[in-house]
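Peer 1: Turn this into a model:
(2 chains)
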Amino acid sequence: MPAQTMEELVSLCKRRGFIFQSSEIYGGLQGFYDYGPLGVELKNNIKNAWWRANVHERDDMEGLDASIIMHRLALRHSGHEATFNDPMVDNKKTKKRYRLDHLIKDQKADVLAKVAAAVNEAPENIAAVSARLMEQPARAAEILVEAGVRDAFSGEVGEWTEPRPFNMMFKTSIGPVADEDSFGYLRPETAQGIFVNFKNVVDSTSRRLPFGIAQIGKAFRNEITPRNFVFRVREMEQMEIEFFVAPGTDEEWHEHWLEQRLKWWEDQGVPRQKIIVEDVPADDLAHYSKRTYDLMYDFPTLGHDEIEGIANRTDFDLGSHTKGQAELGLTAQVMENSDSVAKLTIPHPETNKPVVPFVIEPSAGVDRALLAVLSEAYHKETLENGNERTVLKLRPHLAPIKVAVIPLARNKPELVDLARRIKADLQRLGLGRILLEDSGNIGKAYRRHDEVGTPYCVTVDFDTVGKGEDASLTDTVTIRDRDTLAQERVAIADLAEWLTARLR
RNA sequence: GCGGGAGUAGCUCAGCUGGUAGAGCACUACCUUGCCAAGGUAGAUGUCGCGAGUUCGAAUCUCGUCUCCCGCUCCA
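Peer 2: Below is the predicted model of the structure:
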């Protein structure tokens, strides 16, 4: 049975070196986590599995690794500067907090009219009313009270605070001298690094539609409430594909990617039955999306929550970043762009006319993937002798340690030396991390490795070095299987083949 | 940001109405012909989350702060 609570996962992660709180010795930093010795192996394995499936094994994909700090104009035209900046107001009486525009929109018509009139805007233009209020925050608080803006929670007129802007993007100054004008943003999604490189990739690879660009990398968001371990964090890692298709073929490609991605999750040990595919309702869609499927994994404690979003971003992004928008017949409503110097078009596969492609975006969180993989792999089992063991039944390609080589007695140099040589030989196969385990006794070593998901333990005993009772076992070792506990005697000469067949 | 709960050894926790910190497990070294957290001997371990205050004296009382958990709010 998979993990029942998030707590037991958090505890295992810390105890065995998967994930630590960031800057812990200084009191910790909310919403940031560090990956430990085993965490980094697991994380790398997940990223490699994704890269292999989506880049190397496809013929229609290119890879990319763009910079994290981006030009402020890139994130203005992407729409993030505006939408990542929601003003919020608090009601001092009820202690509730609302987005200013949501609060105004939910008022009765006469109240809304009063607020709008106070800032000389039309009541139906909520965004403009909100923007006017933000120009004079102190007065805004008075306007809200005077107009009788009610708190839906209490039904009464609230004691409203000044609306304050909440900046969701991390800003940083560029260059050694902090200057008002020389700042950039840490990207809030890796996607924008792909869009601004669209022309570079097309020009350097001669790609034609349909094709995709894949990228794995960090992204940063000033979440208001980082919570739930690595589920909602301010620094995260994404695995994103922007798949470019001819307008009109976008809907079938959207279905294609939904299917591909569910298959991938299954290969990582996250079964379909544990994932709900949510067709995101229109009013919850992001500013760029026409339709989005959210893959909701059934996390312990949290319940169903998003591990991947597969969005149809239409021609919004390339349309936003391109010059000469007017003559391109864009379907998405985009901000006028007089800053970009490039026309982001590609020949239409049938007409050969320049066209701004549509984009299907499968976007998964590495940290969330790791959490989902861990909770599926986590098992507590009662053994035949009544003892309990914790075991991570990770798929072998994801296991942080592939093989532990264990000398049966650690004070016998001939056993330890041979174990060390076997370790070094296996390491050269490139299967991943092989560990020489010479602490504690054999039983403890097995349990330790169960707990971190090591698929195989190789034990060197006295028979191996010809000092046992059975001479026919010389130059053979015991391989112990994590899941079945079964042991098999294998010649050292056959070890590489035996393990490669099962771990690759 | 609000309300509630919590923070003592690597882990789980004890520590009363203030008197200078403890258990189990884990860990380290050595021994063990030993295969599923086995046994023996020896050993190390804490700014009691952090900072102030009260006090002769604070893990214990007060305040502030950080972090974690739960519920709101928010989540492009």
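Peer 1: how close does the closest residue to residue A:152 other than its chain neighbours get to residue A:371?
Peer 2: Spatial nearest neighbour of residue A:152, excluding adjacent residues (C-beta to C-beta, 6 or more residues apart in numbering): residue A:106 at 6.2 Å. For the C-beta atoms, the positions are set from N, CA and C on the backbone; glycine is no exception. Counting by C-beta to C-beta, to the nearest Å, the separation of residue A:106 from residue A:371 is 35 Å.
Peer 1: more crowded one of the two?
Peer 2: Each of residue A:106 and residue A:371 has its neighbours counted (other C-beta atoms under 10 Å); residue A:371 has more, 27 against 14.
Peer 1: Flag every residue of the stretch 351-500 of chain A that's near RNA strand B.
Peer 2: Within the stretch 351-500 of chain A, the positions near RNA strand B by C-beta under 7 Å from any atom of the strand are A:383, A:385, A:387, A:389-390, A:408-411, A:439-444, A:446-448, A:450-451, A:459, A:461-462, A:467-469, A:478, A:480, A:485-487.
Peer 1: From these, keep the buried residues only.
Peer 2: Among these, those classed as buried by 16 or more other C-beta atoms under 10 Å are A:390, A:408, A:410, A:442, A:446, A:448, A:450-451, A:459, A:461-462, A:478, A:480.
Peer 1: State the number of residues packed around residue A:402.
Peer 2: 25.
Peer 1: roughly how far apart are it and RNA strand B?
Peer 2: As for residue A:402, its distance to RNA strand B is 17 Å (criterion: C-beta to the nearest atom of the strand, to the nearest Å).
Peer 1: quick one on the thing from earlier: looking at the buried ones among the residues of the stretch 351-500 of chain A next to RNA strand B, which one is closest to residue A:196?
Peer 2: Top of the list for closeness to residue A:196, among those and by C-beta to C-beta, is residue A:451 at 44.0 Å.
Peer 1: Go ahead and confirm the closest one touches residue A:393.
Peer 2: No: applying C-beta atoms under 8 Å as the test, residue A:451 and residue A:393 come out as separate, 11.4 Å apart.
Peer 1: would you put the C-alpha positions of stretch A:366-382 in CSV?
Peer 2: What follows is stretch A:366-382, C-alpha atoms only, in CSV (Å, rounded to 0.1, in the frame of the first residue of the first chain):
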residue,chain,number,x,y,z
VAL,A,366,10.0,17.9,-11.1
ASP,A,367,9.5,18.4,-7.4
ARG,A,368,5.9,17.3,-7.5
ALA,A,369,6.9,14.3,-9.7
LEU,A,370,9.4,13.3,-7.1
LEU,A,371,6.8,13.5,-4.4
ALA,A,372,4.3,11.4,-6.4
VAL,A,373,6.9,8.8,-7.3
LEU,A,374,7.9,8.6,-3.7
SER,A,375,4.4,8.2,-2.3
GLU,A,376,3.6,5.5,-4.9
ALA,A,377,6.8,3.6,-4.1
TYR,A,378,6.5,3.9,-0.3
HIS,A,379,5.4,0.7,1.4
LYS,A,380,5.3,-0.6,4.9
GLU,A,381,5.2,-4.4,5.0
THR,A,382,5.0,-7.1,7.6
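Peer 1: which stretches of the stretch 401-504 of chain A form strands?
Peer 2: Per DSSP state E, counting those that start in this stretch, the stretch 401-504 of chain A carries strands over the ranges A:403-407, A:434-436, A:456-460, A:476-481, A:487-491.
Peer 1: likewise the stretch 1-150 of chain A?
Peer 2: Going by DSSP E, counting those that start in this stretch, the stretch 1-150 of chain A shows strands at A:19-21, A:33-35, A:61-64, A:69-70, A:87-91, A:96-99.
Peer 1: Minimum distance to RNA strand B: which of the ones you listed has it?
Peer 2: With C-beta to the nearest atom of the strand as the measure, strand A:96-99 is the member of the strands of the stretch 1-150 of chain A nearest RNA strand B (3.2 Å).
Peer 1: Against residue A:451, how distant is the residue in the stretch 201-350 of chain A positioned nearest to RNA strand B?
Peer 2: For the stretch 201-350 of chain A and RNA strand B, the shortest gap (C-beta to the nearest atom of the strand) falls at residue A:286, measuring 3.0 Å. Remark: distance between residue A:286 and residue A:451 (C-beta to C-beta) = 40 Å.
Peer 1: Could you report the neighbour count for the closest residue to residue A:475 other than its chain neighbours?
Peer 2: The shortest distance from residue A:475 to any non-neighbouring residue, by C-beta to C-beta, 6+ apart, is to residue A:492 (5.2 Å). The number of residues packed near residue A:492 is 17, by other C-beta under 10 Å.
Peer 1: Does residue A:492 touch residue A:476 like I think?
Peer 2: Yes: in terms of C-beta under 8 Å, residue A:492 counts as a neighbour of residue A:476; the distance is 6.7 Å.
Peer 1: Could you name every residue contacting both of those two?
Peer 2: Residues touching both residue A:492 and residue A:476 by C-beta atoms under 8 Å, 6 or more residues apart in numbering: residue A:464.
Peer 1: so what's residue A:222 up against?
Peer 2: With C-beta under 8 Å, 6+ apart, residue A:222 has these contacts: A:166-170, A:234.
Peer 1: Bridged to the most centrally placed residue in chain A, which residues?
Peer 2: Chain A has residue A:365 as the residue nearest its centroid, 1.1 Å off, counting by C-alpha atoms, centre = their mean. Residue A:365 has the following beta-bridge partners by DSSP bridges: residue A:238.
Peer 1: mind listing the helices for the stretch 251-400 of chain A?
Peer 2: Ranges of helices in the stretch 251-400 of chain A, per DSSP state H, counting those that start in this stretch, are A:316-321, A:366-377.
Peer 1: any idea which of those is most buried?
Peer 2: Of all the helices of the stretch 251-400 of chain A, helix A:316-321 has the most neighbours on average by mean count of other C-beta atoms under 10 Å, namely a mean of 26.
Peer 1: Residue A:495: how many residues sit nearby?
Peer 2: Residue A:495: 21 surrounding residues under other C-beta under 10 Å.
Peer 1: ok, now residue A:15?
Peer 2: Residues near residue A:15, counting by other C-beta under 10 Å, number 10.
Peer 1: quick one: contacts of stretch A:467-477?
Peer 2: Applying C-beta under 8 Å, 6+ apart, the contact partners of stretch A:467-477 are A:414, A:422, A:458-466, A:489-493, A:495.
Peer 1: Can I get the buried part of these as one PyMOL selection?
Peer 2: To isolate the buried members of these in PyMOL, using 16+ other C-beta under 10 Å:
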select buried, chain A and resi 422+458+459+460+461+462+463+464+465+490+492+495
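Peer 1: Now do stretch A:285-304: distance to the chain's middle.
Peer 2: The chain centroid and the centroid of stretch A:285-304 are separated by 12 Å under C-alpha atoms, centre = their mean, to the nearest Å.
Peer 1: Tell me what the residue lying closest to residue A:212 once chain neighbours are set aside is bridged to.
Peer 2: Spatially, and ignoring its direct neighbours in sequence, residue A:212 is nearest to residue A:243 (3.7 Å; C-beta to C-beta, 6+ apart). On DSSP bridges, the residues paired with residue A:243 through beta bridges are residue A:212, residue A:360.
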